[in-house]
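Engineer: make a model of this:
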Amino acid sequence: QVQLVESGGGLVQAGGSLRLSCAASGRTGSTTAMAWFRLAPGKEREFVAAISWTSGSTYYADSVKGRFTISRDKAKNTMYLQMNSLNPEDTAVYYCATTESTWSITRGVYPYWGQGTQVTVSS
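Structural biologist: Okay, here's the model as predicted:
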């Protein structure tokens, strides 16, 4: 089992920045990729970004490309999401997830999920 704990969410004005963290514990030795998803009111959970745990290669949804940066610290078993130029459409609960297979934009690939952290962007 892998346990994930997100932190760093909050309320920010449009144009502002936030940095989310996701700390992993437990059986993390087999992790191959980690990802961020978000769930906005009235919408389905959507892929935001992913990172290969081994190579550090990154992948982004078009909606956040150029504004968000995903990174990881292998020594701390922690993943980050630096979010800049936030706008109200980014308001959502952000979840981190891990997989022991290849990264994907499909949430079903990720068996382990955190509890989520709320990000609210005011206009």
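Engineer: where's the most centrally placed residue in the chain, which helix or strand?
Structural biologist: Computing the C-alpha centroid of the chain and ranking residues by CA atoms, centre = their mean puts residue 36 first, at 2.2 Å. Using DSSP states H and E, the element containing residue 36 is strand 33-39.
Engineer: quick one: buried residues of that strand?
Structural biologist: For strand 33-39, burial by neighbour count (16 or more other CB atoms under 10 Å) applies to 33-38. For the C-beta atoms, the positions are set from N, CA and C on the backbone; glycine is no exception.
Engineer: next SSE after that strand?
Structural biologist: strand 46-52.
Engineer: list the buried ones in that next one?
Structural biologist: Neighbour-count burial for strand 46-52 [16+ other CB under 10 Å]: 47-51.
Engineer: identify the farthest-apart pair in those residues.
Structural biologist: Using CB to CB, the two most remote members of these are 47 and 51, lying 12.4 Å apart.
Engineer: what do the two both touch?
Structural biologist: Between them, residue 47 and residue 51 share these contacting residues under CB atoms under 8 Å, 6 or more residues apart in numbering: residue 35.
Engineer: quick check on the nearest residue to residue 53 once chain neighbours are set aside: phi, psi?
Structural biologist: With CB to CB, 6 or more residues apart in numbering as the criterion, residue 53 has its nearest non-adjacent residue at 5.0 Å, and that residue is residue 31. Dihedral pair for residue 31: phi -70, psi 130, per degrees, to the nearest 10.
Engineer: any idea how far residue 31 is from residue 5?
Structural biologist: 15 Å (CB to CB, to the nearest Å).
Engineer: and residue 66, by the same measure?
Structural biologist: Residue 66 is 28 Å from residue 5, by CB to CB.
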